[in-house]
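Student: Generate a structure from the sequence data that follows.
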Amino acid sequence: MLDRLAHRLFLLTLFLLPWGGLLRVPTLHENAQWSDLVFASAAACWLAARLRERRLPRPRPVHGLLALYLGWAALSLALASPRPAPGLAKLVGVAMLLGLFVATSETMARPGGPAAVGRTIAAASLLTALAAVAGVALSAAGVTTPLVGTCGDLLPGPLGRAQAGFPHPNLLASFCLFAYGVVTRADAGLHPWLRALAQGAIGLTLLLTTSRAILAFLLLLAIRGATSAPRRRLAQALAAVLLVAFAALSVYNVVLNPARPWEARVSARPSPRLLALATSLDTLAAHPLFGTGPGSSPGLRGSLPFDAHFTPLNVAATLGLPALAGLGLAVVALWRARGRPSDLVTWGMLAGLGLDGVAQDVEDFRHMWLALGLADAGRDRTGEAA
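Tutor: Purely as a prediction, here's the structure:
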């Protein structure tokens, strides 16, 4: 009974995930949302059921590496001086993200789990698309709603862009990469017409964000279709080109109005992303072992603390290089343990999210850890029973 309750609460967590910008719980933390409370209940039920049955997941290398990541984050907080005010809440958040990873892997391994997850994400994606379209349409009519954000990533622009229930358009765009990967999986349990509808809705939503994640989506599609040697070489070449493009967009301050793309130009003003990267590198050089502590921002934008907007650097500068090693090697462990043939949809999704991480701090995104859980669920299970 507890196991079934945990399963249903986890699915409710997934359904609520795209509405975190509207369903917040600021009394807990500025970024806390109702899905976090639902997942905490799911985790408690799941743990109680497993303890009663004496059936906890078997430890594997990826668990040890993620334990290093969490443990070093705790050590970073303990040694931080000054200690960031939101540090403890951030550490609890890291633990919750690891819980999402385990819960996703376990859910996908149970009978009917992949189909339940696929249907849940499809329903959430369709509702999110409706909110995105409504928000952009109302914005065009001059009606302000929380369903849109500003055009321009770090500097405001003239055009509203979709964010639906998320607090920022870029976060919605990143979620679209995850959602597309989920509904496209062969085990998603969706009728072909529903799969096509969900894919189209996710693609439209992504376009309405006018985010650089659209480029990451192209990489996802290329890897999904890399079923032959020529297509694999094409995907590799595209990955290299897009990586250079993402780096250039961080180095140069490109001014772009999506309504008039032909007027794109490079501003003479320094790129906020480049300033964030440079100051975060200075922070890492000063605190290479333990960083500045969870909950801190290692970079600067003017005189204000600012995140690095580059995932590996943000992790290293805030938690220390050992934490980055734990997180990075955990992804390597997932890749080495993957089932054969490789699940191109799931790994294409992770590649897209990884590319997006060149311009964002995706280590804090809940759906990023759900995606890692999907990869873990697709591991080669030969010999596990023994």
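
Student: Quick one: residues contacting residue 132.
Tutor: By C-beta atoms under 8 Å, 6 or more residues apart in numbering, residue 132 lies in contact with 147, 162, 163, 164, 172, 204, 205, 208, 209. C-betas here are computed from N, CA, C, even on glycine.

Student: Mind pulling up the pLDDT for residue 352?
Tutor: Residue-level confidence at residue 352 comes out at 97, pLDDT.

Student: and it, what helix or strand is that in?
Tutor: Using DSSP states H and E, residue 352 sits within helix 344-356.

Student: Let me know the next secondary structure element after that helix.
Tutor: Next along the chain after helix 344-356, taking DSSP H and E as the criterion, comes helix 366-377.

Student: ok and that next one relative to helix 344-356, angle-wise?
Tutor: 140 degrees (axes from the mean of the first three to the mean of the last three C-alpha atoms, to 10 degrees).

Student: Report the buried members of the contacts of residue 132.
Tutor: 147, 162, 163, 164, 172, 205, 208, 209 (16 or more other C-beta atoms under 10 Å).

Student: from memory residue 365 sits against residue 171, does it?
Tutor: Yes: between residue 365 and residue 171 there is a contact under C-beta atoms under 8 Å: 6.9 Å.

Student: And the two? Which one has more around it.
Tutor: With neighbours defined as other C-beta atoms under 10 Å, residue 365 and residue 171 compare such that residue 171 has more, 26 against 21.

Student: Tell me who's in contact with the more buried one.
Tutor: Residue 171 neighbours (C-beta under 8 Å, 6+ apart): 21, 163, 365.

Student: From residue 252, how far off is the last one?
Tutor: The reference is to residue 365. Using C-beta to C-beta, to the nearest Å, we find residue 365 at a distance of 25 Å from residue 252.

Student: and residue 4, how many neighbours?
Tutor: Neighbours of residue 4 under the rule other C-beta under 10 Å: 10.

Student: The one 5 residues further on too?
Tutor: For residue 9, the tally of surrounding residues (other C-beta under 10 Å) stands at 19.

Student: helices or strands up against the helix or strand hosting it?
Tutor: For residue 9, the element it lies in under DSSP H and E is helix 2-16. Applying 3 or more C-beta pairs under 8 Å, 6 or more residues apart in numbering; DSSP states H and E, one finds that helix 2-16 contacts helix 34-53, helix 87-109, helix 113-140.

Student: got the angle for the shortest one vs helix 2-16?
Tutor: Using the same axes, to 10 degrees, the inter-axis angle of helix 34-53 relative to helix 2-16 is 160 degrees.

Student: thinking again about what came up before, the helix holding residue 9: how far from the chain's middle?
Tutor: 20 Å (C-alpha atoms, centre = their mean, to the nearest Å).

Student: do the same with stretch 224-242
Tutor: With C-alpha atoms, centre = their mean, you get 23 Å for stretch 224-242.

Student: got the contact list for it?
Tutor: With contact meaning C-beta under 8 Å, 6+ apart, stretch 224-242 is reached by 184, 215, 216, 218, 219, 222, 223, 344, 345, 348, 351, 355.

Student: do stretch 334-352 as well
Tutor: With C-beta under 8 Å, 6+ apart, stretch 334-352 has contacts from 60-62, 177-178, 180-182, 184-186, 213, 216-217, 219-227, 239, 331, 371-372, 374-376, 378-381.

Student: Mind checking which of these are in helices?
Tutor: Using DSSP state H, 61-62, 177-178, 180-182, 184, 213, 216-217, 219-224, 239, 331, 371-372, 374-376 are the members of the contacts of stretch 334-352 that sit in helices.

Student: Please indicate which of the residues you listed are buried?
Tutor: Among the ones in helices among the contacts of stretch 334-352, those classed as buried by 16+ other C-beta under 10 Å are 62, 177-178, 180-182, 184, 213, 216-217, 219-224, 239, 371-372, 374-376.

Student: got any ranges where the stretch 1-150 of the chain has weak pLDDT?
Tutor: Counting by pLDDT under 70, the ranges of the stretch 1-150 of the chain that qualify are 27-28, 150.

Student: thinking again about what came up before, could I get the helix holding residue 352 in PDB with only the CA atoms?
Tutor: The C-alpha coordinates for helix 344-356 follow below in PDB (Å, rounded to 0.1, in the frame of the first residue of the first chain):
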ATOM      1  CA  LEU A 344      19.300   7.400 -28.400                       C
ATOM      2  CA  VAL A 345      16.300   9.300 -27.300                       C
ATOM      3  CA  THR A 346      17.300   9.400 -23.600                       C
ATOM      4  CA  TRP A 347      21.000  10.200 -24.300                       C
ATOM      5  CA  GLY A 348      20.000  12.700 -27.000                       C
ATOM      6  CA  MET A 349      17.900  14.400 -24.300                       C
ATOM      7  CA  LEU A 350      20.800  14.400 -21.900                       C
ATOM      8  CA  ALA A 351      23.200  15.800 -24.500                       C
ATOM      9  CA  GLY A 352      20.700  18.600 -25.200                       C
ATOM     10  CA  LEU A 353      20.400  19.400 -21.500                       C
ATOM     11  CA  GLY A 354      24.200  19.200 -21.200                       C
ATOM     12  CA  LEU A 355      24.700  21.700 -24.100                       C
ATOM     13  CA  ASP A 356      22.100  24.000 -22.400                       C
END
